[in-house]
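Undergrad: how would this look folded up:
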Amino acid sequence: MDTTKLVLDVLSEALTVPVSTDMPATKEHVKPSRYVLVDLTGDQSDAFILRPRYDLTCWGTSDREARNIAVSAVEALQEAAMDHPYLSSCDLETMSREEWDRNGHGRYLAVVQLVINTDE
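TA: Have a look, this model is predicted:
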C-alpha cells in the first residue's frame, strides 16, 4: 500500500490548498503561499500494521493562515481515520511555527504518526 498516496488523497479532498510531495517549482507557485508539502520522515511498520511518520509543512499568506492550514490538515487525517477502510489513527506528535520565509509568508510544521491496516 502506498501510504503517501493515501495521505495525499485525504488532504487533497479535504483542503482547498495545493497538496504535494514536491516543493513548489517556482516562486510564482509559492506566491499565493497556500501550500502543503507532505514528506515521509519515518516508518515503524511491521508485517500487519503500517506506521508511517509524516511531516506536513504548511504555508500561508500569514502566520495565522499557515497555522490554520496545519490544523485543518491534521484534523482531516484524524477525521478520515474514523471511517477510512485502512487509516486507523492519526496522532499529532508536534506542531510548531517555522521562521518566516524570505517572501514574508507564514509556515507551520505538523508531524503526524499514522496507523494504517494492511487488511480491511
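
Undergrad: what stretches of this structure score poorly on pLDDT?
TA: Scanning the chain with the threshold set as pLDDT under 70 gives 24-32, 100-104, 119-120.

Undergrad: can you map out the strands along it?
TA: Per DSSP state E, the chain carries strands over the ranges 19-20, 35-43, 49-50, 52-60, 87-98, 106-117.

Undergrad: List the contacts of stretch 58-65.
TA: Stretch 58-65 has contacts (CB atoms under 8 Å, 6 or more residues apart in numbering) with 30, 32-37, 66-70, 73, 97, 100-101, 105-110. In short, each C-beta sits where N, CA and C put it, glycine included.

Undergrad: let's see 6 Å
TA: If you take CB atoms under 6 Å, 6 or more residues apart in numbering as the criterion, stretch 58-65 is touched by 33-36, 66, 69-70, 105-108.
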